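Enquirer: Below are the sequence and a predicted model for it; my questions follow.
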Amino acid sequence: MCEYNAIYWQWYNQIYDSELHPSLIQQLVLVDRSNKKLWKAMNFDEKTASFQDFLDAKVFPKNGEIMDASGILCRQSLRNLERGLAGTHLDLDTMNQGIHDTMCSVHCLTSDKMRIAVMNITGCSCSELSTTPVDELYKESGDWCKESSGQYLCDEIGNCGKWKCTLDDFECKRKEYNTMYVPLKGYGNDCSSSINSHLIEWGVIGFLLSAIIFGI
């Protein structure tokens, strides 16, 4: 049963535990006002000159803001990678190594894990969490489902896989990428042990919260 209104916004507005991913916070500190999309996602006002100003004011980001910001950084990283690779004569293995590094970045993994966690917490599918035409923030049909790193990879690099993933299967494209072996890097989910430990940690948190909420 999808508990969107009752649980989703409560989770979204909770203060994010920055100790989970200090490296992500460090990356956000480097962002300035020129990144308008990220600035909007973080709900910064006109007086905020940098993310550091935000922290110095002792106002800390919310779960939802970090989730949205992580997704934006992941997509932007893949887009910048595609632009950097355009016109080069790198061999396929080298190109795939660059993609692997980006897909294993803290912002791509954080975006995915937070969205998976909130689906577990609310009992909602990505389709149920997507905006509808009557919503003020409506983007497009299934917009929430399109915020996975696997979908970003498809949109920005053109690596869409062969699994014929349906839109409402949030994890499908990323899971397919995880089966891809990259020389000197490993499979798509062979990221650093510290990041993987946080993925496991968030999976446990998602399950525990679901158990508390739904009595499973």
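Expert: In hand now; what should we look at?

Enquirer: For K139, grab the count of nearby residues.
Expert: As a burial measure, K139 scores 11 neighbours (other C-beta atoms under 10 Å). Heads up, the C-betas are built off the backbone N, CA and C, glycines and all.

Enquirer: Please name the residues that touch it.
Expert: T131 (C-beta atoms under 8 Å, 6 or more residues apart in numbering).

Enquirer: Double-check that it belongs to a strand.
Expert: No. Assigned with DSSP: H, G, I helix; E, B strand; the rest coil, K139 falls outside any strand and is coil.

Enquirer: heads up, I number from 3, so please use that
Expert: Renumbered: residue one is now 3, and that last one reads K141.

Enquirer: Now the residue most central in space within the chain, what are its backbone angles?
Expert: With distances taken as C-alpha atoms, centre = their mean, the residue of the chain nearest its centroid is S113 (1.7 Å). Torsion angles at S113 (phi, psi; degrees, to the nearest 10) stand at phi -60, psi -50.

Enquirer: ok, it touching S151?
Expert: Yes. Between S113 and S151 a contact is recorded at 6.5 Å, counting by C-beta atoms under 8 Å.

Enquirer: any shared contact partners between the two?
Expert: Joint contacts of S113 and S151 (C-beta under 8 Å, 6+ apart) are C76.

Enquirer: mind checking how far the residue nearest to the centre of the chain is from A8?
Expert: Distance of S113 to A8, given as C-beta to C-beta, to the nearest Å: 24 Å.

Enquirer: Ok, R85 next?
Expert: 42 Å.

Enquirer: and what of T124?
Expert: Distance from T124 to A8, by C-beta to C-beta: 8 Å.

Enquirer: Have a look at these two and say which one is more surrounded.
Expert: T124 (25 against 10).

Enquirer: helix/strand/coil for the residue in the chain sticking out farthest from the centre?
Expert: Distance from the C-alpha centroid of the chain peaks at H91, with 30.0 Å (C-alpha atoms, centre = their mean). Assigned with three-state DSSP, H91 falls in the coil class.

Enquirer: From S72, how far out is it?
Expert: 32 Å.

Enquirer: do the same with E173
Expert: On the measure of C-beta to C-beta, E173 and S72 end up 16 Å apart.

Enquirer: Those two - which one has more neighbours?
Expert: S72 (29 against 17).

Enquirer: buried sites along stretch 82-90?
Expert: Buried residues in stretch 82-90, defined by neighbour count with 16 or more other C-beta atoms under 10 Å: L83, E84.

Enquirer: Oh, that last question was meant for stretch 118-130, not what I typed.
Expert: Buried, per 16+ other C-beta under 10 Å, within stretch 118-130: I118, A119, V120, M121, N122, I123, T124, G125, C126, C128, S129, E130.

Enquirer: Quick check: end-to-end length of that stretch?
Expert: Across stretch 118-130, the terminal residues are separated by 13 Å (C-alpha to C-alpha, to the nearest Å).

Enquirer: Stretch 172-189 now?
Expert: By C-alpha to C-alpha, one end of stretch 172-189 lies 20 Å from the other end.

Enquirer: contacting residues around it?
Expert: Residues contacting stretch 172-189 (C-beta under 8 Å, 6+ apart): 95, 98-99, 101-103, 105, 114, 117-118, 121, 127-128, 147, 150-153, 155-156, 161-165, 167-168, 190-191.
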